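A.B. asks: the following comprises the amino acid sequence and a computationally predicted model.
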Amino acid sequence: MKKYKGIIFDFNGVLLLDQHLHDEIWSDIAKKLIGRELTESEFKHNLHGRTNRSAVEYLRGGEASDADVDAVMLEKEHAYQALARRQGDAYHLNDGAIELFENLKKQTIPFTIGTSSPAMNIPFFDELLGLHTWFDLEKIVCDDGTLKGKPAPDIYLKAAAALGFNPKDCVVVEDARSGIAAALHAGIGYIIAIGPKTEHAALAAVRGVSEVIETLREVNVERLFR
């Protein structure tokens, strides 16, 4: 098996299981903007893994102005941060994440995050989760307004460059279809899809997926990198 040089993690849904919080807030926003609930299919295919701009444009039925996107984004992210703080100890990194980070550091394997979360959330995540303990925050790639969102390859191309590697020499761990497509379009060498057992067959069928896992404890560092 080819040995890879670095690993890039999606954040929401991979390192942090907070999708239900985002869905709750987007549901409230959708009721205000379009007057109805969003379906499970809409969440999965049109919101999960997408930037705020992409989500707002979907809800608006087309293009949205910068002012409109910014207003909805601020409303959504402030509501998210308030809701996250109310979770207390339930708001924590995913099972196996810290052990995986420590193993990667021990073996000097570079890693970073490539996320559709807006830049305003990175200090928030660091405050509540202590990301600086394991990550160089300057190398975390997020939605800073300059990159096309997933499924475009931009986020993963920039993340691979931040690690100093060709995308084909990187592993990506993703949960969303849009993120898997972004990794594939970026030319990532090995794509791990993560999700509950009930979704494994569907995830394995997604183009570009190399492996499907249920928890981060299943990431085999020795097999992939050594």
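C.D. replies: Happy to help now that I have it.
A.B. asks: and the residue nearest the centre of this protein?
C.D. replies: The chain has Asp10 as the residue nearest its centroid, 3.2 Å off, counting by C-alpha atoms, centre = their mean.
A.B. asks: tell me which residues touch that one, please.
C.D. replies: Residues near Asp10 by C-beta atoms under 8 Å, 6 or more residues apart in numbering: Gly49, Ile113, Gly114, Thr115, Val172, Val173, Glu174, Asp175, Ala176, Gly179. Just so you know, the C-beta spots here come from the backbone N, C-alpha and C atoms, and that holds for glycine as well.
A.B. asks: those in strands, which ones?
C.D. replies: Residues of these located in strands (DSSP state E): Ile113, Gly114, Thr115, Val172, Val173, Glu174.
A.B. asks: dump these to TSV, plus neighbour count, distance to Gln81 and pLDDT.
C.D. replies: Shown next, in TSV, are the ones in strands among the contacts of Asp10 (neighbours: other C-beta atoms under 10 Å; distance: C-beta to C-beta, whole Å; pLDDT from 0 to 100):
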residue	neighbour count	distance to Gln81	pLDDT
Ile113	24	18	98
Gly114	31	21	98
Thr115	29	15	96
Val172	29	26	98
Val173	25	24	98
Glu174	31	24	97
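A.B. asks: possible to save those as CSV with distance to Ala183?
C.D. replies: As requested, those are exported to CSV (distance: C-beta to C-beta, whole Å):
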residue, distance to Ala183
Ile113, 13
Gly114, 8
Thr115, 13
Val172, 4
Val173, 9
Glu174, 6
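A.B. asks: what does stretch 38-58 contact?
C.D. replies: 10, 13, 19, 22-23, 26-27, 30, 63-64, 68-69, 72-73, 76-77, 116, 118, 143, 149-151, 174-179, 182.
A.B. asks: can you pull the buried residues of stretch 56-74?
C.D. replies: Neighbour-count burial for stretch 56-74 flags Val56, Glu57, Tyr58, Leu59, Ala64, Val69, Val72, Met73 (criterion: 16 or more other C-beta atoms under 10 Å).
A.B. asks: now, those residues that are in helices?
C.D. replies: Under the assignment DSSP state H, these contribute Val56, Glu57, Tyr58, Leu59, Val69, Val72, Met73 to helices.
A.B. asks: does the fourth one really touch Ala30, like I thought?
C.D. replies: Yes - checked against C-beta atoms under 8 Å, the pair Leu59 and Ala30 is within contact range at 6.0 Å.
A.B. asks: isn't Gly187 right next to Asp169, touching?
C.D. replies: No - at 9.9 Å, Gly187 does not count as touching Asp169 under the criterion of C-beta under 8 Å.
A.B. asks: those two: which has the busier surroundings?
C.D. replies: Set Gly187 next to Asp169 and count neighbours by other C-beta atoms under 10 Å: Asp169 wins out with 18 against 15.
A.B. asks: contacting residues for the more buried one?
C.D. replies: Tyr4, Lys5, Gly6, Ala160, Gly189 are the contacts of Asp169 under C-beta under 8 Å, 6+ apart.
A.B. asks: tell me the one of the residues you listed nearest Lys106?
C.D. replies: Nearest to Lys106 among the contacts of Asp169 is Gly6, at 15.0 Å by C-beta to C-beta.
A.B. asks: could you report the neighbour count for that closest one?
C.D. replies: Gly6 has 23 nearby residues by other C-beta under 10 Å.
A.B. asks: convert stretch 110-117 to CSV, retaining C-alpha atoms only.
C.D. replies: Extracted in CSV, the C-alpha atoms of stretch 110-117 (Å, rounded to 0.1, in the frame of the first residue of the first chain):
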residue,chain,number,x,y,z
PRO,A,110,1.8,16.5,9.9
PHE,A,111,-1.9,17.1,10.1
THR,A,112,-4.4,20.0,9.8
ILE,A,113,-8.0,20.9,9.4
GLY,A,114,-9.9,21.8,6.2
THR,A,115,-13.4,23.0,7.1
SER,A,116,-16.3,24.9,5.6
SER,A,117,-16.8,26.6,9.0
